[in-house]
Structures are given as structure tokens and as C-alpha cells.
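[1] generate a structure from the sequence data that follows.
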Amino acid sequence: MKARTVISNGTVKTLCRMCNTRCSIDVVVRDGIMTDILPGKSNPVNDGRICPRGKTALEHFYHRDRIHRPLKRMSDGSFIAIDREQALDEIAARMADLKARCGARSVGVWKGEGVGFLQQEGYVRRFIHGFGSPNYFSNDSSCFNGRYLGNRLVTGFWNPYPHFASARLILLLGSNPPVCHPPFMKEFADARSKGARLVVIDPRLNPIGCWADIFAQPRPGTDGALAWGLIHLLIKSGGYDRNFVDRFTVGFEKIAAYAERFTPAVVEAESGIYADVVRTIADMLVERLPKVSIYMGTGLEHHENGVNNIRAITILSCLCGALDIDCGLYWPEKMPLSDLSPRREQLLSGPRPIGADRFPVLYDFTGEGHTMTAMDYMLGLGEYPLKGLLITAANPVVTHPDTLKVERALRNLDLLVVNDFFLTRTARLAHYILPAETFLERSEIHCNIKYHRVYLTQKVAEIPGIHNEYRLWHDLAHRLGFGEESFPWETEDDVNRYLLAPSELSLEDLEAHPEGIVYQPVRFRKHETTPLPTPSGKVEFASRYLKALGFPEIPEYIQPLHIRERSEEYPFLLTTGARMTLFYHSRHQNIAKFRLVHTRAEVEIHPDDAAGLGIADGETVRLTSRLGSIEVAARIVHRAELRRGVVEVYHGWEDHPANILTFGDVNDPISGFPLLKAVPVRIEKISFPEDSRSGAVEIDDH
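    This next block holds a predicted model:
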């Protein structure tokens with residue numbers, strides 16, 4: 001590999017992008033080779049700490065399997081390396097042909113997480129709208145947007161990184177911070193040292209649950225019933241923040257009336273959480289409000305009732321008076337930056353993307369299409385055909401629900417372009433594969449809304465022939481005739497200067513302060529003087545916007561599918577998506593040292609369920625849903641780790657995609673999110689290895 005570093009010897013300070021936490025790191029360079037990554041100092045995000053994923057960014061950069069040249073798929077399915085200019089010429093020509101034959105909306109783009117979350121999204125949106133198509137898609141159709149919508153519908157904002165250190169009670173639902181958000185743990189420890197209590201709600205015992213004062217395992221998808229039960233008890237006791245409710249909310253009488261039916265006994269019958277536990281949690285809330293931090297993970301949004309469950313929990317937080325204080329629902333203030341994305345009025349006045357008619361709330365709030373509906377359009381089952389798709393650093397064949405349908409849909413495209421680091425399962429289906437740059441190879445602006453800090457990441461190295469995200473969309477746009485209008489900047493430094501124009505900071509200011517610059521002091525209780533960004537300017541316990549669309553105006557609880565329609569054929573509930581310590585969705589599986597820890601795909605099973613099926617630890621089992629089957633090794637967990645009847649499979653395995661089993665056609669009616677956390681399945685034992693009978697676990701190295 002002919003990599004070049006920006007310095008021959010020394011240290012380059014930047015931000016890690018092996019996940020979205022964006023910790024400060026120091027990249028050590030010796031004789032033109034990056035040799036180590038150390039935790040950066042003076043940044044409150046990671047405060048001089050680093051996780052194992054961050055330490056292996058160099059292995060990711062120097063990996064022998066990285067794609068270094070554009071690849072073109074031949075008629076026999078093989079790939080050949082071609083020149084970048086040829087690849088872009090051919091891609092642009094095929095896009096222009098699709099536009100001439102089928103219209104601009106026959107082409108779409110799909111943004112993933114692998115190359116970043118910030119400027120990359122702006123580039124992709126800018127490109128596809130410049131091309132004339134509304135069809136922007138992203139991984140956010142099944143991650144993040146459920147919580148984003150649920151919070152915004154109540155308060156007008158969402159902060160995914162709340163403050164915890166000042167909390168007197170931390171309530172976590174469907175979240176695993178030691179794995180997903182390691183920096184949270186210092187704040188938890190600080191809060192606990194000052195007497196804070198911790199309550200963890202999750203069907204699966206995760207590491208943070210072992211710290212908890214109360215750990216409760218609900219039936220999947222019933223968090224809304226618990227939320228309404230706590231709302232009922234807060235209102236009944238009179239312990240809620242009356243002053244806050246009177247001054248800053250609308251719809252209190254409606255939620256108070258609806259909550260009356262959710263007695264502790266009803267919550268226990270619905271969720272499986274004991275009535276006494278529900279009462280105890282409510283008492284803890286009353287004793288410690290308003291210093292309450294309630295945090296929800298992805299575990300809540302992957303249900304067909306996810307948004308309303310999230311709305312109910314957000315309402316609970318507001319009843320505690322925890323809005324915009326130094327814990328809880330802190331309302332962040334954004335740094336003034338120029339916007340790379342098309343203006344909202346342009347989006348709403350133009351043609352609507354695929355899925356906007358089915359899920360108008362998703363479109364109204366995010367301006368994007370619905371990926372599960374897009375699969376139908378790729379298969380010729382929509383209002384018009386979706387013939388071309390450009391994917392950047394996403395792997396939907398592994399991470400998207402209904403894997404087999406995704407494969408059929410992508411194979412049916414006339415043009416599939418994938419921009420990525422490695423030959424993923426998705427990339428193998430592409431007509432063209434373009435090599436992507438890692439975060440170590442570019443410079444971009446990052447804003448941390450929790451600490452009101454802005455950073456400029458530093459380019460550390462480059463590989464000749466591999467270009468950054470901006471060059472990809474810039475060069476294609478100029479070939480297609482809209483480059484001067486949509487991508488007028490020559491370099492990404494020029495883009496960064498454009499972004500900073502509304503602020504008082506320069507690119508040189510950020511370069512001089514790799515630890516970040518505070519762009520605005522953190523202020524609290526802004527809602528007391530400034531209207532919230534909701535239609536009413538207040539916290540909306542009841543939403544006129546949703547009512548106008550035909551939805552209930554309050555977040556009514558809907559029983560999950562597995563309770564409404566109990567299945568004897570599929571008696572177990574599969575949950576997917578729980579993070580592993582070292583993997584990040586489908587990423588990092590090719591890091592050799594990580595595979596020594598996470599050796600193979602497994603299904604976690606309660607010991608009583610395993611005994612009933614005659615399954616021993618390590619035996620191979622077949623999991624089957626109404627869509628398909630996968631075969632994985634059984635891992636019998638401690639009886640405290642799972643509810644009986646619930647099994648867990650990590651969702652990101654390239655070689656055992658759990659999403660073969662999950663549904664893309666059972667969706668939350670507001671967000672369009674798929675059902676990934678309570679999929680009815682059956683389990684069958686299919687092997688009886690001798691070493692399994694003796695208690696050993698058979699390890700393979702696929």
C-alpha cells in the first residue's frame with residue numbers, strides 16, 4: 001500500500017470516527033507510517049480515554065482487503081479494476097440514460113454510516129436533488145429517526161447526548177451505554193458517587209443492568225405500557241411538576257384521562273414488570289424530580305408502536321420537570337453554519353420521495369424516503385420503477401430487514417454503485433465499486449451539541465487514487481451538468497470555509513484548537529423565555545399535527561404484534577440489534593483481533609427454553625420466521641440474562657445475516673420503522689456434536 005502521511009514524524013490530533021461518539025485521538029506517525037492511536041486530552045467527550053474500536057483505526061486504514069481502485073462487474077459476475085475517470089464517466093452516462101428513459105426519480109441515493117454522519121449527508125442530499133430526483137434514502141429508516149421523531153413531536157427537538165452527571169435518578173430503556181456510548185459511563189459514575197439511583201429496563205440483561213438499583217425485564221415492545229403506568233402514578237400522587245405543566249404544556253387533561261386505565265396491575269399484565277416494581281420506580285421519580293435523566297436506546301424504536309412509546313416516555317420526562325435542565329431533556333443550541341442540504345421549502349414544494357405518501361411524518365421531519373418501500377419500487381411493484389441506486393458506505397444486504405428481498409431488489413437494478421472500503425455483501429452485487437476514504441484521510445467540521453463545541457478533524461494520511469466523499473459527488477455532478485450550481489467548491493477546505501461563514505470562527509481558528517472551541521455557552525431553561533420549536537411553542541402532550549394526518553393526537557399504546565397475534569408456529573421472540581463490544585453494526589468484522597473475541601454468530605437462549613428443546617451449549621440450531629431461516633450456534637446464557645421466550649442474535653454478521661428473519665412489512669405507522677425487536681420465530685436443534693454434550697463449545701473460524 002502506497003500510503004502517505006501528512007507529516008513524517010510526530011502526532012496529529014483529530015477525532016475518531018470508528019463510531020459516532022467522536023472522541024479526541026492522537027495519531028502517532030513514525031517515519032511516514034501511522035504506528036499508534038492514543039486518547040486525546042482536553043476534550044470532555046472522552047476525557048483522555050479510548051475504547052478498543054478506536055485503537056484499531058490503523059488496522060482499518062492499512063487493512064489488506066481495502067479497495068484501492070474502482071472495480072467494474074463483468075457479465076460473468078467477476079470484477080476488474082478500471083481507471084477512476086473511466087468509472088465515473090460510465091456511471092454518469094448510465095445515470096443520464098436512466099434519466100432520459102425513465103425520468104430523474106428512477107435514480108436514488110442511499111447514505112450509510114461508514115464514512116460519517118455530517119457533511120457526507122449534505123453532499124448526498126445535494127447531489128440527488130441537483131440531479132432532479134427526490135429519492136434520498138439512508139440507514140436512518142431503521143436507526144435514529146424513530147427516537148428523533150418521538151422526541152420532536154413532543155418537545156420540538158431531540159438531543160441524543162443528554163447530561164447525566166447531575167441527575168439524582170437515571171432511567172435507561174433499551175440502551176447499553178458501556179458498549180454503545182462508553183463516555184456516558186464516567187457521568188453515570190459521577191452521578192452514582194453523589195447518590196443517584198439507576199433503573200434499567202430491558203428484556204436482555206446488559207452490563208449496565210448489573211449496576212442498577214432496579215433492573216426489570218419487560219416483554220419486548222411494551223415500554224409504552226410502563227410509561228403510561230408511571231404517568232398514571234405521577235398524576236395520581238400529585239407528584240408531577242404542576243407549575244411546569246400549567247405554564248409550558250398543552251394537552252395535559254387528555255393524557256391524564258388516558259393514563260387512568262394504566263394501573264400497576266394493568267402494566268404488570270401487559271409488560272410482565274411486577275406492579276410493586278412499577279410503584280417503586282414511580283416513587284423514585286417523585287422523590288428525585290426534576291433531576292431525572294431518562295434515556296432511550298434503539299431498543300424502543302424497532303417496534304410497530306415505537307414512536308408512540310417514545311412519545312409517552314418523553315412526556316413522562318416532561319411531567320418530572322426535566323426539560324432543559326442540567327440533566328434530562330437538555331435543549332441544545334446549534335452552531336450557526338451554512339446548510340449543505342436543500343432548503344426545507346425546496347423539499348416540501350418539490351416531488352416527494354418513495355414512501356412519503358405512506359409515512360408523511362418521516363418525510364415532513366427528515367425530507368427522506370422510506371427504504372423498505374423503495375425495495376418494492378426496485379422490484380417493479382411501485383408507482384414507477386427505481387432503476388438506479390448509488391450507495392455510500394452502507395451495507396443493507398446485512399443491516400436492512402428482510403435480507404432476501406433486499407438482495408432480489410438490488411439485483412434487479414439497472415445500475416448499482418457502491419462507495420465503500422471493503423467488498424461487503426452489498427458491494428458484491430454492485431455494477432461499480434468505488435474506493436472510499438476513511439476518517440483519517442480527510443478534514444471536516446464536527447459540532448458536539450452536548451458541550452457546544454466545534455471541531456475540525458485533521459487529515460493524517462492519504463492513499464493515491466482514493467478520493468474523499470466530496471470529490472465523488474462533485475465529479476459526478478459536473479459530469480451530469482449541475483456541478484457549477486450544486487458543487488461549486490474545488491476542495492473540501494473550500495466547503496469548510498463556506499460552512500463556517502455564518503459564524504465568527506475561521507478554519508484557521510479550528511486548526512489551532514484540535515481540542516475544539518466552545519461556540520456558545522451552555523444555557524438551561526431556555527423554554528421559559530423562548531418558545532419551543534413545536535407548532536404551539538410548548539411541550540405537546542397532544543399533537544394537532546398528528547391529528548390532522550389521521551393519527552391519535554396523544555401517544556396511545558398499541559399492543560405489539562406478538563401479544564395481539566400469538567403464534568403457536570413461532571413461539572419465541574427474536575430480538576436483534578444489541579451491540580457487541582467490538583463490532584459496530586456490520587463494521588469491524590474483518591479486524592483479526594476482534595474475531596478472536598467475537599468468533600461466530602450465536603443465538604442467546606434462556607436455559608429453561610434450551611432445556612425444553614433439548615439444546616446444549618454450542619449446538620447448531622435453526623431459527624425460522626415466516627420469511628426464512630438461519631443456522632447459528634446456541635449460547636445458553638444465565639437465567640437472569642434474558643426473559644424466557646426471548647432469544648437474541650447480533651444483527652450485523654456478514655455470514656449469518658439475522659435480517660433474513662426480520663420483517664420489512666411490519667412498520668410503525670408514524671416513522672415507518674421495521675419490527676426488529678420482537679420477531680416471532682421457532683427454534684430447532686439440527687446437530688449433536690460430541691464436544692457439545694461434554695460442555696465444550698465448538699468454534700469455527702468462518
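
[2] quick one, helices of the stretch 151-300 of the chain?
    177-180, 184-193, 223-237, 242-248, 252-259, 264-271, 275-288 (DSSP state H, counting those that start in this stretch).

[3] including distance to residue 391 and mean neighbour count, could those go into JSON lines?
    For the C-beta atoms, the positions are set from N, CA and C on the backbone; glycine is no exception. Putting the helices of the stretch 151-300 of the chain into JSON lines (distance: least, Cβ to Cβ, whole Å; neighbours: other Cβ atoms under 10 Å) gives the following:
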{"stretch": "helix 177-180", "distance to residue 391": "24", "mean neighbour count": "18"}
{"stretch": "helix 184-193", "distance to residue 391": "31", "mean neighbour count": "17"}
{"stretch": "helix 223-237", "distance to residue 391": "32", "mean neighbour count": "25"}
{"stretch": "helix 242-248", "distance to residue 391": "43", "mean neighbour count": "14"}
{"stretch": "helix 252-259", "distance to residue 391": "42", "mean neighbour count": "17"}
{"stretch": "helix 264-271", "distance to residue 391": "39", "mean neighbour count": "18"}
{"stretch": "helix 275-288", "distance to residue 391": "43", "mean neighbour count": "18"}
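
[4] which one, of those, ends up nearest to residue 38?
    helix 184-193 (18.1 Å; Cβ to Cβ).

[5] which outside residues touch that closest one?
    47, 49, 163-168, 170, 177-178, 198, 208, 211, 293 (Cβ atoms under 8 Å, 6 or more residues apart in numbering).

[6] go again using 7 Å as the cut-off
    47, 164, 165, 167, 170, 177, 178, 198 (Cβ atoms under 7 Å, 6 or more residues apart in numbering).

[7] for the biggest helix by length in the chain, what is the distance to the chain centroid?
    Criterion DSSP state H: the longest helix present in the chain is helix 84-102. For helix 84-102, the distance from its own C-alpha centre to the chain's C-alpha centre is 31 Å (Cα atoms, centre = their mean, to the nearest Å).

[8] so for that helix, what's the average pLDDT?
    Across helix 84-102, pLDDT averages out at 98.

[9] next SSE downstream of that helix?
    Proceeding N to C from helix 84-102, the next assigned helix or strand is strand 107-111, under DSSP states H and E.

[10] give the pairing partners of that next one; include direction for each.
    strand 136-138 (parallel), strand 388-392 (parallel) (DSSP bridges).

[11] now find how far off-centre that strand is within its chain.
    Distance, centroid of strand 107-111 to centroid of chain: 18 Å (Cα atoms, centre = their mean).

[12] do you know how far the spatially most central residue of the chain is from residue 160?
    Against the mean C-alpha coordinate of the chain, by Cα atoms, centre = their mean, the closest residue is residue 143 at 3.7 Å. For residue 143, the distance to residue 160 equals 11 Å [Cβ to Cβ, to the nearest Å].

[13] surely residue 651 and residue 575 touch.
    No. The pair residue 651 and residue 575 does not pass the contact test of Cβ atoms under 7 Å, sitting 9.4 Å apart.

[14] excluding its backbone neighbours, what's nearest the residue nearest to the centre of the chain?
    residue 298 (6.2 Å; Cβ to Cβ, 6 or more residues apart in numbering).

[15] start to end distance for stretch 98-107?
    End-to-end span of stretch 98-107 (Cα to Cα, to the nearest Å): 7 Å.

[16] pull out the buried positions in that stretch.
    98, 99, 102, 104, 105, 106, 107 (16 or more other Cβ atoms under 10 Å).

[17] quick one on the thing from earlier: with respect to residue 325, which of the helices of the stretch 151-300 of the chain lies nearest?
    helix 242-248 (10.4 Å).

[18] list the contacts of that closest one.
    For helix 242-248, the surrounding residues in contact (Cβ under 7 Å, 6+ apart) are 252, 319, 321, 527, 538, 539.

[19] again with stretch 253-270
    In contact with stretch 253-270 (Cβ under 7 Å, 6+ apart) are residues 222, 225-226, 228-229, 231-232, 235, 273-275, 278-279, 315, 541-542, 554, 556.

[20] could you dump the strands paired with strand 107-111 into a markdown table and include mean pLDDT, distance to residue 502 and mean neighbour count?
    Formatted as a markdown table, the strands paired with strand 107-111 follow (pLDDT from 0 to 100; distance: least, Cβ to Cβ, whole Å; neighbours: other Cβ atoms under 10 Å):
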| stretch | mean pLDDT | distance to residue 502 | mean neighbour count |
| --- | --- | --- | --- |
| strand 136-138 | 95 | 24 | 26 |
| strand 388-392 | 97 | 27 | 25 |
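
[21] OK, contacts around residue 677?
    With Cβ under 7 Å, 6+ apart, residue 677 has these contacts: 220, 221, 299, 302, 303, 575, 577.

[22] quick check: bridge partners of residue 575?
    Beta-bridge partners of residue 575, as defined by DSSP bridges: residue 648.
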